[in-house]
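# the amino acid sequence is not available; the structure is as follows:
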């Protein structure tokens, strides 16, 4: 065993949203995780994720030195690359002396690629049932996981000019092989697992240079790990692994929630829900309306999600709701709302940036500053604006702190620090302000878009925590 060589920096790259769209058109992988910024914000990453295969093909373009005639590429994707993040591509040998190329964000590896000889060549798929010929549609499939096991599918190669887009890779392995590698992304993102997929790893080598597509066979699905193992052959052959990730967290509908509140217990009350288009804010808006309250909920980018919540509330026939655009990062955003919307009895502050961040260092100052901006500066500005506009009226402003202040999961230092500092701010604001009553409560681990798949709590647990707070903090009419 030899020591790894020192990394040789090859290139730096930033993938943009436009790059995402281009690769989606080229490959056929239009999974919302990659191309829809609003949909991606509801996933654990919180942002669009660069296609792993796009990163891999970039690495192949940068691979230094000679390329073996019989080749096998092994790659894994331990962390996602998000749109607009700086990615470095570095070359080195691993602990076994094998050449390796690593794409990283900061010090965090996101794609690791090794090259080895492929002798003897991997056998093609054994004879079996005729594969199902799949035409990739605009929307990804979302089938029961176990239904895929033992199934075979055939996908035709995409028709783009791959030698133009990836000239070095096409010269080394052939344009048809490059097209086939992009098809692996399409299979995972659009077919199996499909809508809720995460590409984990692959091993790929040269196949039939005349093949017009790829045959896929789902060999195994592990429900404990939610992991698919898929073999493929055709223009290339090999094996891939992909996870079935948790979908966006759904909150209960208003009609269902009406059974848990008295029909008029919030009648006559006005509620502003900042960040009410999804998650806990969505649930508070629905609970308040289920009890007869009138709700104005804000959104920054999720207009469609906000309208969906409003339609659900208004269709339930209890309270009413309306939406309002509010981007707290625009300092004047709250002013028009204060002068145009009915004065609130309670304001519920659920605005948040992405909570979970990938990082290699213990502490990231930029992440902490972003949390401070959302959780402290913008909240304090909201309270001061309400105080100025109060004109003798009063309002309660709820701030959701977190149990993570005392019981921190790994990697949550910046988030917990910002929430703890906000608690100190709220105590002092409550002493200073005359008409605005800020109140903080530490919420337990609850099921939201940003925690989907991490915690066992579900929608019922969310209601059990939030409904008592709504009853406590809403003035009686």
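The structure has been received and is ready for your questions. None of these values were measured; they are calculated from a predicted model.
# which regions of the stretch 201-350 of the chain sit below the pLDDT cut-off?
330-333 (pLDDT under 70).
# how does the chain divide into domains?
For the chain, automatic domain parsing gives the domain ranges 8-117+125-244, 254-473.
# what bridges to residue 398?
The partner list for residue 398 in beta bridges (DSSP bridges) reads residue 348, residue 439.
# wait, what's in contact with it?
346, 347, 348, 349, 439, 440, 441, 469, 473 (CB atoms under 8 Å, 6 or more residues apart in numbering). Every C-beta, even on glycine, is put in place using the N, C-alpha and C of the backbone.
# same thing with residue 178?
57, 162, 163, 166, 169, 170.
# quick check: it is in a helix.
Yes. Under DSSP: H, G, I helix; E, B strand; the rest coil, residue 178 sits within a helix.
# let me know how buried the nearest residue to it once chain neighbours are set aside is, in neighbour terms.
Among residues not flanking residue 178 along the chain, residue 162 sits closest, at 4.4 Å (CB to CB, 6 or more residues apart in numbering). Each residue near residue 162 was counted by other CB atoms under 10 Å, and the total is 24.
# hang on, the earlier thing: which one (most neighbours) among the contacts of residue 398?
In those, the most neighbours by other CB under 10 Å go to residue 348, 29 neighbours.
# would you turn the contacts of residue 398 into TSV with distance to residue 262?
Shown next, in TSV, are the contacts of residue 398 (distance: CB to CB, whole Å):
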residue	distance to residue 262
346	17
347	23
348	20
349	25
439	23
440	27
441	22
469	16
473	16
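# pretty sure residue 82 sits against residue 47.
Yes. Using CB atoms under 8 Å, residue 82 is in contact with residue 47, at 4.3 Å.
# ok, the contacts of residue 178 vs residue 322, which is closest?
For those, the residue nearest residue 322 by CB to CB is residue 57; the value is 46.7 Å.
# which residues does residue 113 contact?
56, 59, 60, 73, 74, 75, 100, 101, 102, 103.
# tell me the secondary structure at it.
strand.
# same check on residue 58?
Residue 58 is classified as helix under three-state DSSP.
# let me see the contact set for it.
Applying CB under 8 Å, 6+ apart, the residues near residue 58 are 13, 89, 103.
# residues contacting the first one?
Shown here is residue 13, whose contacts under the criterion CB under 8 Å, 6+ apart are 58, 86, 87, 89.
# just to revisit the earlier point, which of residue 82 and residue 47 has more neighbours?
Ranked by neighbour count (other CB under 10 Å), residue 82 and residue 47 place residue 82 first, with 20 against 17.
# and the pLDDT at the residue lying farthest from the centre of the chain?
Within the chain, the residue lying farthest from the chain centre (CA atoms, centre = their mean) is residue 392, at 43.0 Å. On the pLDDT scale, residue 392 is placed at 90.
# give me the neighbour count for the closest residue to it other than its chain neighbours.
Distances taken as CB to CB, 6+ apart put residue 435 closest to residue 392, at 7.1 Å, once the chain neighbours are dropped. Residues near residue 435, counting by other CB under 10 Å, number 15.
# any idea how far residue 428 is from residue 435?
Distance of residue 435 to residue 428, given as CB to CB, to the nearest Å: 16 Å.
# over to the closest residue to residue 461 other than its chain neighbours. Which of the three states is it?
Using CB to CB, 6+ apart and skipping residues adjacent in sequence, the residue nearest residue 461 is residue 446, 6.3 Å away. Secondary structure, three-state DSSP: residue 446 is coil.
# correct me, but residue 446 touches residue 462?
Yes. Counting by CB under 8 Å, residue 462 is a contact partner of residue 446 at 5.0 Å.
# which residues are in contact with each of those two?
residue 280.
# ok, the contacts of residue 178 vs residue 376, which is closest?
Nearest to residue 376, judged by CB to CB, of these is residue 57 at 42.3 Å.
# what about the closest one, neighbour count?
24.
# hmm, residue 179 and it touching each other?
No. Using CB under 8 Å, residue 57 makes no contact with residue 179, being 10.5 Å away.
# circling back to that earlier point, just want the phi and psi numbers for the residue farthest from the centre of the chain.
When read as degrees, to the nearest 10, the backbone of residue 392 gives phi 90, psi -10.
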